[in-house]
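Engineer: give me a model of this one.
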Amino acid sequence: MDCIGGFVITQFYGLDRATSDVDVIELAPPSAASTILTLGYRGSALSRVHRIYLDRVAVASIPEDYEDRLVEMFPGAYRHLRLMAVDPYDLALSKLERNGMKDRDDVRYLARTVPFDLGILQQRYDKELRWQLGVPAREDLTLKLWIEAILEDRAEG
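Structural biologist: Numbers count the residues shown, from 1 in each chain. Model prediction:
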């Protein structure tokens, strides 16, 4: 499962906040995707026991070549399951269109923790994501504001 969102930020990058869903963008093998989602959907017996559920994300825009940069989250922990995390730049860019307060906080956290090379963030946006967006001029401005906020945060720290 290719995972994004709060689950990845908390479990793989260490952000201390609660999340109850595992946002997935790809399930493999495709023939098993329906079964996996049925077993782990919100309100399923499995989700009630473990207090976490699977949420297939179809609306987030992800940089084009994200698959090449996936990292296994818990190697060897499960026999029949591999949870793959998108890299931190792809994770941040997946939050660009929504741009809610939680998204901005997540990006700020990633920028501090990784720490971000802002040239890589901008390059990946320009090359792999911008062409996919419905209103690229709006997202250009959002990314510009994010970069300015990250630079301000670094200047204060």
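Engineer: which residues touch the worst-scoring helix or strand of the chain on mean pLDDT?
Structural biologist: Ranked by mean pLDDT, DSSP states H and E, the helix or strand of the chain with the weakest confidence is helix 30-40, at a mean of 80. Outside helix 30-40, the residues that touch it by Cβ atoms under 8 Å, 6 or more residues apart in numbering are M1, V22, L27, S44, L46, S47, Y53, L54, R56. Quick note: C-beta positions are derived from backbone N, CA and C, even for glycine.
Engineer: got the buried residues for the biggest helix by length in the chain?
Structural biologist: Ranked by number of residues, the top helix in the chain under DSSP state H is helix 136-156. For helix 136-156, the neighbour count (16 or more other Cβ atoms under 10 Å) marks E139, T142, L143, W146, I147, I150 as buried.
Engineer: from those residues, pick the one nearest D16.
Structural biologist: I150 (19.9 Å; Cβ to Cβ).
Engineer: that closest one touches T113, doesn't it?
Structural biologist: No - using Cβ atoms under 8 Å, I150 is not in contact with T113; the gap is 11.8 Å.
Engineer: on that earlier part again, inside strands: which ones of the contacts of helix 30-40?
Structural biologist: V22, Y53, L54, R56 (DSSP state E).
Engineer: quick one, which of the residues you listed has the minimum pLDDT?
Structural biologist: Minimum pLDDT across the ones in strands among the contacts of helix 30-40 is recorded for Y53, with 79.
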